[in-house]
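[1] What follows is a predicted structure for the sequence shown.
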There are 2 protein chains.
Amino acid sequence: MGISTEQSIMDAAEAEFMEKGFAAAKTTAIARRAGVTHAMLHYYFRTKENLFDQVFRKKVELLADSIDKAFGGEGAFIEKMRLGVGAHFDFLVENPRLPLFVLREIVDDPERRETVQEVLLPVFGRVVGRLQELFDRESARGNIVPVTALEIVLNIVSMNVFAFASLPLSLMLAGKGEGERAAFLQARKEQIIEQVLARLTNAKGGAS
Amino acid sequence: MGISTEQSIMDAAEAEFMEKGFAAAKTTAIARRAGVTHAMLHYYFRTKENLFDQVFRKKVELLADSIDKAFGGEGAFIEKMRLGVGAHFDFLVENPRLPLFVLREIVDDPERRETVQEVLLPVFGRVVGRLQELFDRESARGNIVPVTALEIVLNIVSMNVFAFASLPLSLMLAGKGEGERAAFLQARKEQIIEQVLARLTNAKGGAS
DNA sequence: GCCGCGATTAACAATGCTGTTAAATAAACA
DNA sequence: TGTTTATTTAACAGCATTGTTAATCGCGGC
């Protein structure tokens, strides 16, 4: 019974690396957290790098999956966008630090960009491509303003990710306590959806 | 001639802490970078904590200043917003890692929130308050849709900050090389301004 | 029972990191 | 000049961290 040693190390490593990042995480802390001697960590994974790489790839795959699922739904256009933004937001409720974790590590070590290139970019590219088709069709029908899908995706991801990254600060600023965390986030989610839809359905506000 | 030992340690510490964060930064690396023995670091600043606190406060003050200046301008409403978003963006061109640095450190160590509470929040609160008055006035005149200033500021800061945090990834995604970095950023800046103005001048797209 | 083998442990090595200290040097000043 | 004070250096202490290794344990197959 209980999970295997290897798995418990993996779990602990995920938690530790996500909290601290590669450079600040300690293998001793991971071993302690997993409840095993740190020699076991080296027995199963040989090096810190090695262990990290496996965690990193797993997380990049998870991130790619979330993007794929969030914007893969069906339904009428506006409702589809609303659901997509919301689904992405909800994914972040469960994985609040994941995007910044990935961003940080590819800045710290350009070598890790290979993993991103292999796993994340194809999915991202496909999603953006599909959305672009959709936007083109809808704008041809006069339902929305013409936009590039990439900018819209960046807008969505920016606001969603930053909502979690800045949560402690935002709560302070809004004068809310920890207890109002969930409510604040739900309100923020609606704001972000409104902001995204506003850009798509905007009548004036051009650069004229 | 040349700058003082103390100053060169400070400069090196700023660079090192901004790149790595408190936990991953090493005082030995800071000393090496400053071109002094690491004993000097302890002579002038006694502890790593101490040195970090001074750097951190300085950076929080810089951040507060940038917010204050960006949205303190005059002029007609729409133009004022346009300039404000742009000014904030341009500040980030010079200090691309500053916001995430501050966010990270207040997550890692809640004790550092005191500094933020003292320095950043008052400025932030004042700016949001001023903008709220402005929005109320303009929406009463029918020039813009009614909005809360906090949500607009969060939208702006989200997109601006994330533009820099995600730059390596965005460039990969857009298929651009390092050489097109500056051009990509300028284009992104215009997109963000459009996105913000769209929300303010939006006619439809409500939650109905 | 015992053999083989993966899993586990404890101890160790090497290096790195933060911080201290005593002595040497330079600067200020009377 | 001599005296005092600030700065700098080199060496060291103590502990943490990554990684290795040899011995031991436990367990299924024969």
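    Cool, the structure landed. If you're wondering where the values come from, they're calculated on a predicted model, not measured in any experiment.
[2] The spatially most central residue of chain A is in what secondary structure piece?
    The centre of chain A sits closest to A:P99, judged by C-alpha atoms, centre = their mean, with a distance of 3.9 Å. For A:P99, the element it lies in under DSSP states H and E is helix A:98-108.
[3] Likewise for A:V196?
    Using DSSP H and E, A:V196 falls in helix A:181-200.
[4] buried sites along that helix?
    By neighbour count on 16 or more other C-beta atoms under 10 Å in any protein chain shown, the buried set for helix A:181-200 is A:184-185, A:188-189, A:191-200. Where you see a C-beta, it was placed from the backbone N, CA and C, and this is true even at glycine.
[5] possible to save the residues you listed as CSV with distance to A:K69?
    CSV is the format used below for the buried residues of helix A:181-200 (distance: C-beta to C-beta, whole Å):
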residue, distance to A:K69
A:F184, 25
A:L185, 20
A:R188, 21
A:K189, 17
A:Q191, 23
A:I192, 18
A:I193, 17
A:E194, 22
A:Q195, 22
A:V196, 18
A:L197, 20
A:A198, 25
A:R199, 23
A:L200, 21
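[6] Touching, the residue nearest to the centre of chain A and A:V161? I think so.
    Yes - contact criterion C-beta atoms under 8 Å: A:P99 and A:V161 qualify, at 4.6 Å.
[7] what residues are shared contacts of the two?
    Taking C-beta atoms under 8 Å, 6 or more residues apart in numbering or on different chains as the contact rule, A:P99 and A:V161 both touch A:L92.
[8] circling back to that earlier point, now for the helix holding A:P99, which elements pack on it?
    helix A:5-24, helix A:48-70, helix A:113-140, helix A:149-165, helix B:167-174 (3 or more C-beta pairs under 8 Å, 6 or more residues apart in numbering or on different chains; DSSP states H and E).
[9] Any idea which of those gets closest to DNA strand D?
    DNA strand D lies closest, by C-beta to the nearest atom of the strand, to one member of the helices and strands packed on helix A:98-108: helix A:48-70, at 3.6 Å.
[10] Mind telling me what element A:I78 is part of?
    Here A:I78, judged by DSSP H and E, is contained in helix A:77-94.
[11] Name all residues that make contact with A:V147.
    Residues in contact with A:V147 (C-beta under 8 Å, 6+ apart) are A:F135, A:S139, A:R199, A:L200.
[12] Looking at the residues you listed, which is nearest chain B?
    Closest approach to chain B among the contacts of A:V147 (C-beta to the nearest C-beta): A:R199, at 4.3 Å.
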